[in-house]
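**Student:** Here is the input, now give the coordinates:
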Amino acid sequence: MNTTLNQYVPCLRWKQGEYLALSKLSPATKQLLKPIIEIPEIGYDFETGSDSKTIDEHLAKLARRVEIHWGYEHCFVDMHLIDSSERMKTGQHPLAFIFNELRFKGIRAVPVVYLKQDSECQSAISEIVAIDKRGACARVNIEEAAKSNLKDSLDSLLLKHHIGTQECDFILDLGAPNFIPVDGLANLLTDLIRRLPYLNEWRSFVLIGTSFPKSMAEVPRGLSIRPRHEWLLYNLLIKSLNTSGIRIPTFGDYVINHPDVIRLDMRFVKPYASVRYTIDNSYLIVKGLNVRDYKFHQYRELCREVTGSKHYCGKFFSKGDEYIDDCARGAASTGKLTTWRWVGTNHHLEKVARDISSLPAS
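**Tutor:** Model (predicted):
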């Protein structure tokens, strides 16, 4: 899966808001994307003290949803949020099940692998790699990348799956680090990237990370603007790496999500109404009151704050922008939480894809 600089690798937790956002993208934007599809964690029922569904139920419609909402193009599939002890009712490993389903539908998926995975997971991935002959994608966090034994770990990983570097994508995952000062982090990353093993040999090289808030509780009520540190960092890296003649990674992020999974008892949680709107170098967030007590009608005013802002891109920019405009004018419903996740995600994907395609280095 050759990924170039003018492409975009968003990491999407495969829940309804995210896959609906993908399905509503313009065809031109879809061509620029190589998404990481993170199979989400199984929901937890706090009342019964157990998972809300079996692994069979959880994965039953996943391949079909990828087919409907993404299509047959290349994507990365990552199952690290599923407990390693999970097995299908037949005893089959969930990874083997999912890739059998994706393969049957003709979806060109590549498994994401980690430096630390149990032997059964490694065996399942090796079998997938042998059958599909599309290689694998190594996802390495910044702590692992800084270790002196990284080359040995990568050599072991490649050997386990019987692939070479040219058959393997490399994702450097920053997660949600402390970006401040951004120029200092850019300098550290330039040095780290320079020392990465096989830097010029990987099939593709991707950098992902985010500065999106972990919780809306961190964001004040009303309209606020928060820097997109991951995007500012990437632009600094382009200049730094170009100057040094070092390979520049493809840009990726966690869209309008935070990488940490927080298990919440929704019986007691009061989620805030919010519109998450990506702008040039920042996130514009308009936050209201909690929807349990104050309902969803408040979204009309939140949308009017977005459309009245100098940062609004106009209703024809994306399907998400169109919905914001329609809601502000009373021409669309105020939706539910999933609605506002697809609206914000759809706008973000369109915005970032266009920003990347216009970069001088592209």
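
**Student:** Could you use CA atoms for every contact and neighbour count after this?
**Tutor:** OK.

**Student:** So residue 29 is in contact with residue 348, correct?
**Tutor:** No - using CA atoms under 8 Å as the test, residue 29 is too far from residue 348 to be in contact (11.2 Å).

**Student:** Which one's more surrounded, the two?
**Tutor:** The residue with more neighbours, out of residue 29 and residue 348 and counting by other CA atoms under 10 Å, is residue 348; that gives 24 against 18.

**Student:** The more buried one reaches residue 277, doesn't it?
**Tutor:** Yes - at 7.0 Å, residue 348 and residue 277 qualify as touching, with contact defined as CA under 8 Å.

**Student:** Quick check: neighbours shared by the two?
**Tutor:** Shared contacts of residue 348 and residue 277, defined by CA atoms under 8 Å, 6 or more residues apart in numbering, are not found at any residue.

**Student:** how about the nearest residue to residue 216 once chain neighbours are set aside, what does it touch?
**Tutor:** Nearest-residue entry for residue 216: residue 272, 6.9 Å, with adjacent residues in sequence omitted and distances by CA to CA, 6 or more residues apart in numbering. Contacts of residue 272 were listed using CA under 8 Å, 6+ apart, and they are 216, 287-291.

**Student:** Please enumerate the helices of the stretch 251-362 of the chain.
**Tutor:** For the stretch 251-362 of the chain, helices defined by DSSP state H, counting those that start in this stretch occupy the ranges 291-294, 299-307, 319-329, 337-357.

**Student:** Residue 117 versus residue 204, what's the distance?
**Tutor:** For residue 204, the distance to residue 117 under the criterion CA to CA, to the nearest Å works out to 22 Å.

**Student:** Now tabulate the helices of the stretch 251-362 of the chain in JSON lines and tack on distance to residue 130 and mean pLDDT.
**Tutor:** Listed next are the helices of the stretch 251-362 of the chain as JSON lines, based on distance: least, CA to CA, whole Å; pLDDT from 0 to 100:
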{"stretch": "helix 291-294", "distance to residue 130": "49", "mean pLDDT": "94"}
{"stretch": "helix 299-307", "distance to residue 130": "49", "mean pLDDT": "98"}
{"stretch": "helix 319-329", "distance to residue 130": "39", "mean pLDDT": "98"}
{"stretch": "helix 337-357", "distance to residue 130": "32", "mean pLDDT": "97"}
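
**Student:** low-scoring pLDDT stretches of the stretch 151-300 of the chain, where are they?
**Tutor:** 263-268 (pLDDT under 70).

**Student:** Which one of residue 204 and residue 117 is surrounded by more residues?
**Tutor:** For residue 204 versus residue 117, neighbours defined as other CA under 10 Å are more numerous around residue 204 (22 against 13).

**Student:** next one: phi and psi at the more buried one?
**Tutor:** Dihedral angles of residue 204 (phi, psi; degrees, to the nearest 10) stand at phi -150, psi 160.

**Student:** what about the residue nearest to residue 258 when sequence neighbours are not counted, how many neighbours?
**Tutor:** Once its chain neighbours are removed from consideration, residue 258 has its nearest residue in residue 214; the separation is 5.4 Å (CA to CA, 6+ apart). Residue crowding around residue 214 was assessed by other CA under 10 Å; the count is 16.

**Student:** quick one: residue 214 from residue 41, how far?
**Tutor:** Residue 214 sits 17 Å away from residue 41, taking CA to CA as the criterion.

**Student:** Kindly report the same for residue 33.
**Tutor:** Relative to residue 41, residue 33 is positioned 24 Å away (criterion: CA to CA).

**Student:** Which one's more surrounded, the two?
**Tutor:** Neighbours around residue 33 and residue 41, counted as other CA under 10 Å, are more numerous at residue 33. The numbers are 22 against 19.

**Student:** Name the nearest residue to that one, sequence neighbours excluded.
**Tutor:** residue 8 (5.0 Å).

**Student:** can you pull the contacts of the one you found?
**Tutor:** 32-35, 250-252, 352-353, 356.

**Student:** repeat for residue 128
**Tutor:** So, once contact is read as CA under 8 Å, 6+ apart, residue 128 ends up touching 96, 99, 111.

**Student:** Also residue 260?
**Tutor:** Residue 260 is in contact with residue 214, counting by CA under 8 Å, 6+ apart.
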